[in-house]
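>>> Take this sequence and fold it.
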Amino acid sequence: MGFFDSELVQQEAMQLFQDYQSLMQLGSDYGKFDREGKKLYIDQMEAMMERYRIFMKRFELSEDFMAKMTVEQLKTQLGQFGMTPSQMFDQMNQTLERMKAEVEQTS
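Just a heads-up that it's a prediction; the model follows:
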């Protein structure tokens, strides 16, 4: 069975995408959130990023051709911006850390 033939993989990919879309939509109102709302949003983003990191690691470890192609496509796309997947995750984490620091300063 191919990597993408797995119902579990398909469900996780769909759930991850839906959760990401919801958080991005919610994030457009981030500036209107109170302190606790901002902390909750950051926590949810961190949890979603960890799920995404694990999902991508499963792609990297898979022997499936399509999974390997997906990883290579991501690397190519990020490479156009001079970035690796690891750097992308690091940058996202740095952004979330800055957001946390800003929330703590407003207390």
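>>> ok, longest helix in this protein?
Taking DSSP state H as the criterion, the chain has its longest helix at helix 35-61.
>>> Who are the packing partners of it?
helix 7-27, helix 65-79, helix 85-105 (3 or more C-beta pairs under 8 Å, 6 or more residues apart in numbering; DSSP states H and E). All C-beta spots, glycine's among them, are computed from the backbone N, C-alpha and C.
>>> okay, the ones you listed in TSV with mean pLDDT next?
Below are those laid out as TSV (pLDDT from 0 to 100):
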stretch	mean pLDDT
helix 7-27	91
helix 65-79	92
helix 85-105	93
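>>> right, and the ones you listed - which one's nearest Glu46?
For the helices and strands packed on helix 35-61, proximity to Glu46 was assessed by C-beta to C-beta; helix 85-105 is nearest, at 5.7 Å.
>>> Return the set of buried residues in the closest one.
By 16 or more other C-beta atoms under 10 Å, the buried positions in helix 85-105 come out as Pro85, Met88, Met92, Leu96, Met99, Val103.
>>> now that helix: how far from the chain's centre is it?
Centroid separation for helix 85-105 versus its chain: 12 Å, with C-alpha atoms, centre = their mean, to the nearest Å.
>>> helices or strands up against it?
When contacts are defined as 3+ C-beta pairs under 8 Å, 6+ apart, helix 85-105 packs onto helix 35-61, helix 65-79.
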